[in-house]
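Structure of the sequence below:
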Amino acid sequence: MTILVINSGSSSIKAALFNDQSLVRLLDARVNDIGGSNPQLCVGKESSDASAETHAQALTLIFAALSHCGYNLFDITAVGHRVLHGGEALVEPTIVSTEVEQVIESMNKLAPLHNPACLAGIRAARKVLEHCPHIAVFDTGFHSTLPAHVKHYALPNEVTSTYHLRRFGFHGISHDYVSRATASALNKSIKQLRIISCHLGNGCSVTAIEGGRSVETSMGMTPLEGLVMGTRSGDLDPGIVIQLLRDCVDTADELDTLLNRKSGLFGMTGTNDMREIEVRAANGDENCLLAIQVFTHSARKYVGAYAAVMGGVDVIVFTGGIGEHSVLIRHRIAQQFNYLGASLDEDRNRDARVTAASPVIDIATSTSKVRIVVVATDEEAAIANSVNRLLGQYQLT
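So this is what the prediction gives:
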């Protein structure tokens, strides 16, 4: 019997199948460029052209691939879904119902790049896999431990209470997973550690984790706040937003598109692919050189701030597509952390290659008081674990 995990993005769906007892990973499948000009179905290490105009069509391809590989869909005991924004109502892993779908849908305006895609994946999967429970796991859930003074924005109380304006934080599934993987690799209790987790990908966030609890995080009420990202601006002077509304855009929707889809690395360079940006920067592209400086400065500033928040740091973690794979970005961010007691070993950083067999690699010098590690995040495994715990709790199988 198996657990299926579905991670729906704006233009892709990742799926992973796990044994429901051992949680051993059995198969990975993915559909890229949904609704685009070149959709691809990837199963294991094999890929092929596909036709997928919608998330429902993409899931049909994934279900067919599972069957083709010898897995019976009726052996799936539960389906876990990553959902970006659960708001105040949805914190813990939750069995999906029509009412839960409605709450997720109500959060679409706060996570326009992701929540609609998550909901499309849930609805399509529930139609096909009606025989088993579907469980939503929320990226915002890990940050429910944020202190009141961190959640609160300094706006009039009647405004924040009427419109439910507060910090939620995101990438919680990843931050939780890598912090626990780090503690295990260092043979330390997570209760003893102050960890700063840097999830750097197309979306980026930094989280301060003290004793296994999120105590500060860079993303806010929406995933737009914080670090410079692939297509998102990150932190802005609110006065810029006011000026843009006055002089540059005609509607709030246009402003949303500008800040969420046309800014960040993409806005500065014309691409959100850090690999391409690094190559162009090495060839002298001034825009790309500046983009790398802005990106790494943004991250370095948050790490320093969160060390201050926790009164120090024991481990700095790099994860996500950029954090795991970019030697240059890790170097640029960590090269000035000696004042924290963190010393980067340039040779270890250059040679670091995280894999399933080696998911945590220490890139600090042997004398560094603070460990600097690269960790392969695995949101699908974390979701499968959450689903398994809920199945046991409610005896849903």
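
Now Pro130: which helix or strand?
Rather than Pro, residue 130 is Glu. Assigned by DSSP states H and E, Glu130 belongs to no helix or strand.

The strand or helix carrying Val374: partners in the sheet, and parallel or antiparallel?
In the assignment (DSSP H and E), Val374 maps to strand 371-375. Here strand 371-375 is paired, per DSSP bridges, with strand 315-319 (parallel), strand 360-362 (antiparallel).

tell me the mean pLDDT over it?
In this model, strand 371-375 carries a mean pLDDT of 98.

do stretch 229-247 as well
Per-residue pLDDT values across stretch 229-247 average out to 97.

Quick check: the gap between the nearest residue to Ala89 once chain neighbours are set aside and Phe138.
Setting aside the residues directly before and after it, Ala89 is nearest to Val103 in space (C-beta to C-beta, 6 or more residues apart in numbering), at 5.3 Å. In short, each C-beta sits where N, CA and C put it, glycine included. When C-beta to C-beta, to the nearest Å is the yardstick, Val103 and Phe138 sit 10 Å from each other.

Among the two, which residue is more densely surrounded?
More neighbours surround Phe138 than the other of Val103 and Phe138, with 28 against 18 (other C-beta atoms under 10 Å).

For that one, name its beta-bridge partners.
The partner residues for Phe138, given DSSP bridges, come to Val83.

ok, now which ones touch it?
Applying C-beta atoms under 8 Å, 6 or more residues apart in numbering to Phe138 gives the contacts Val83, Leu84, His85, Gly86, Leu90, Val91, Glu92, Pro93, Thr94, Gly172.

follow-up on the earlier one: what does the next helix or strand after the strand holding Val374 contact?
Following strand 371-375 in sequence order, the next helix or strand is helix 379-394 (DSSP H and E). With C-beta under 8 Å, 6+ apart as the test, helix 379-394 has contacts from 3, 5, 7, 14-16, 18, 20, 23, 25, 28, 77-82, 93, 95, 133, 135, 137, 173-174, 176-177, 396-397.

Which of those are buried, as a PyMOL select command?
With 16 or more other C-beta atoms under 10 Å as the criterion, this PyMOL line picks the buried residues out of the contacts of helix 379-394:
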select buried, resi 3+5+7+14+15+16+18+20+25+77+78+79+80+81+82+93+133+135+137+173+174+176+177
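
Which ones among the contacts of helix 379-394 map onto strands?
Among these, the members found in strands (DSSP state E) are 3, 5, 7, 14-16, 18, 25, 28, 77-82, 95, 135, 137.

Just want the most central residue of this structure.
His171 (3.8 Å; C-alpha atoms, centre = their mean).

just checking, that residue touches Leu200?
No: in this structure His171 lies outside contact range of Leu200 using C-beta atoms under 8 Å: 10.0 Å.

what ranges do the helices span in the stretch 151-300 of the chain?
Along the stretch 151-300 of the chain, counting by DSSP state H, counting those that start in this stretch, helices occupy 157-162, 172-185, 238-247, 252-261, 264-269, 274-282, 286-310.

Nearest to Ala357 among those helices would be which one?
Among these, the nearest to Ala357 by C-beta to C-beta is helix 172-185 (12.7 Å).

For that closest one, which outside residues touch it?
82, 137-143, 189-190, 193, 195, 197, 199, 205, 207, 209, 212, 214, 217, 315, 317, 319-320, 359-360, 362, 373, 375, 377-379, 381-383.

Specify the residue ranges that define each domain of this protein.
The chain breaks down into these domains under automatic domain parsing: 2-138, 188-379.
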